[in-house]
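K.L.:
show me how the following folds:
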Amino acid sequence: MRVLQLIDSLDLGGAERIAVEYANMLSKEIEGSYLCASRSEGKLLSTIDPEVNYFFLNRKRTLDYSAIQRLGQYIKKEKITIIHAHSTSYFIATLLKLKNPSLLIVWHNHSGASIHLGGVKMKVLRFCSKYFNTIISVNEDLVIWAKKKLKSKKVVYLPNFVNFTKEIVPVQEKIKGEAGKRIVCLANLRNPKGHHFLIESFVAVQKEIPDVTLHLIGNDFNDAYSTTLKVLIQKSQIEDHVVIYGQLSNPEAILEQCDIGVLASSSEGLPMALLEYGRAKLAVVVTDVGYCPEVVQDYGTFVPYGDVHAMSSAIKEYLTDGDKRVQDCSLFKEHIKNNYSEMHVRDQIINLYTNSLENI
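P.N.:
Prediction:
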């Protein structure tokens with residue numbers, strides 16, 4: 001069995017992390033595990049295991065025919081049988097399928113915002129979906145949506161996972177702030193991650209707990225979203241309490257020095273950040289969107305998106321009640337380890353690939 005994980009970039013996003021994790025995990029289990037970044041590389045490049053066959057396509061535009069031809073030749077040379085396409089990379093996978101009908105396409109939908117997709121993008125996805133052998137959705141709402149709106153005959157739920165055996169490279173210096181009062185948000189600076197809502201909530205927390213700090217980890221695109229966020233931080237006079245790291249190749253090392261992990265998104269699928277918080281043994285406060293409540297259950301706190309009072313109150317409770325924080329973060333880590341670890345997903349994905357090949 002030879003499987004190619006196809007992803008647009010190797011930036012530090014949730015879908016990108018999962019693509020790399022799948023390639024790494026499968027390199028120990030199947031004949032050939034491949035990973036292709038079609039558009040750009042990024043910080044995740046350094047996390048690819050040596051056993052993975054990596055190919056950078058360097059595609060310049062959506063319909064880059066020469067790039068698609070190169071990928072097709074690579075697939076033929078390596079005798080790859082399955083393309084596991086993550087997020088928007090389904091389009092290239094479909095074009096390759098049209099040229100080589102024997103290829104199997106598994107599309108992995110990571111985005112909770114998919115259910116709001118419309119217009120040309122929805123028409124293109126719907127057309128492509130009839131060539132998907134299987135759609136993997138990261139929560140049950142996306143399963144229902146795919147069965148109703150798309151044309152693939154098989155749609156399954158498969159949770160994201162986190163590798164608990166991964167070695168964490170520690171940072172040389174302690175990060176800013178006081179132990180027990182560090183909040184972290186692992187999310188690229190873009191919609192729908194809700195950073196403005198988070199900052200407003202943090203301001204309310206900092207007024208009552210002055211020495212609290214907020215650590216923002218994720219790609220800064222230096223766009224309008226980023227600019228207005230930084231202006232809000234300045235106007236709120238909390239520059240000395242907020243650290244913006246940008247992309248990090250080892251965000252786990254920062255997470256392990258923090259105490260509370262937050263997500264303020266307006267929509268989600270099953271966020272990798274939430275699983276990373278569990279591995280790092282953080283108490284969690286997240287919005288009740290996507291599969292976040294299902295993941296958190298009774299081991300953390302979830303609040304309505306946009307409710308500044310609810311978000312700030314939940315954070316303050318963990319900051320002022322150390323016993324509750326320690327108890328919840330320990331229970332949450334155990335919950336994530338038992339239900340969202342690599343071992344939990346490995347056999348399921350291999351069985352899915354095997355059944356797909358057997359039913360051609």
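K.L.:
neighbours around residue 337, how many?
P.N.:
As a burial measure, residue 337 scores 16 neighbours (other C-beta atoms under 10 Å). Glycine gets a C-beta too; all of them are placed from N, C-alpha and C.
K.L.:
helix or strand for it, which one?
P.N.:
helix 322-339 (DSSP states H and E).
K.L.:
could you dump stretch 353-360 to CSV, C-alpha only?
P.N.:
Taking C-alpha atoms only, stretch 353-360 is exported to CSV below (Å, rounded to 0.1, in the frame of the first residue of the first chain):
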residue,chain,number,x,y,z
TYR,A,353,-7.4,2.4,3.0
THR,A,354,-7.5,-1.4,2.9
ASN,A,355,-11.2,-1.6,2.4
SER,A,356,-11.1,1.0,-0.3
LEU,A,357,-8.5,-0.9,-2.2
GLU,A,358,-10.4,-4.2,-1.9
ASN,A,359,-13.6,-2.7,-3.1
ILE,A,360,-12.3,-1.2,-6.4
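K.L.:
may I see the buried residues of it?
P.N.:
Going by neighbour count (16 or more other C-beta atoms under 10 Å), the buried part of stretch 353-360 is 353, 356.
K.L.:
and the angle for the helix or strand just after the helix holding residue 337 with helix 322-339?
P.N.:
Downstream of helix 322-339, the next assigned helix or strand under DSSP H and E is helix 342-358. Angle between the axes of helix 342-358 and helix 322-339 is 30 degrees (criterion: axes from the mean of the first three to the mean of the last three C-alpha atoms, to 10 degrees).
K.L.:
from the contact counts, what lies against helix 342-358?
P.N.:
Secondary-structure packing of helix 342-358 (3 or more C-beta pairs under 8 Å, 6 or more residues apart in numbering; DSSP states H and E): helix 14-26, strand 82-86, strand 104-109, strand 134-137.
K.L.:
what's the spatially most distant residue from the centre of the chain in contact with, if anything?
P.N.:
Most distant residue from the mean C-alpha position of the chain: residue 208, 32.5 Å away (C-alpha atoms, centre = their mean). Listed by C-beta atoms under 8 Å, 6 or more residues apart in numbering, the contact partners of residue 208 are residue 316.
K.L.:
from residue 286, how far out is it?
P.N.:
Noted for residue 208: a distance of 21 Å to residue 286, by C-beta to C-beta, to the nearest Å.
K.L.:
roughly how far is stretch 5-19 from the heart of the chain?
P.N.:
8 Å (C-alpha atoms, centre = their mean, to the nearest Å).
K.L.:
hmm, I was thinking of stretch 36-55
P.N.:
Mean-position distance between stretch 36-55 and its chain equals 16 Å (C-alpha atoms, centre = their mean).
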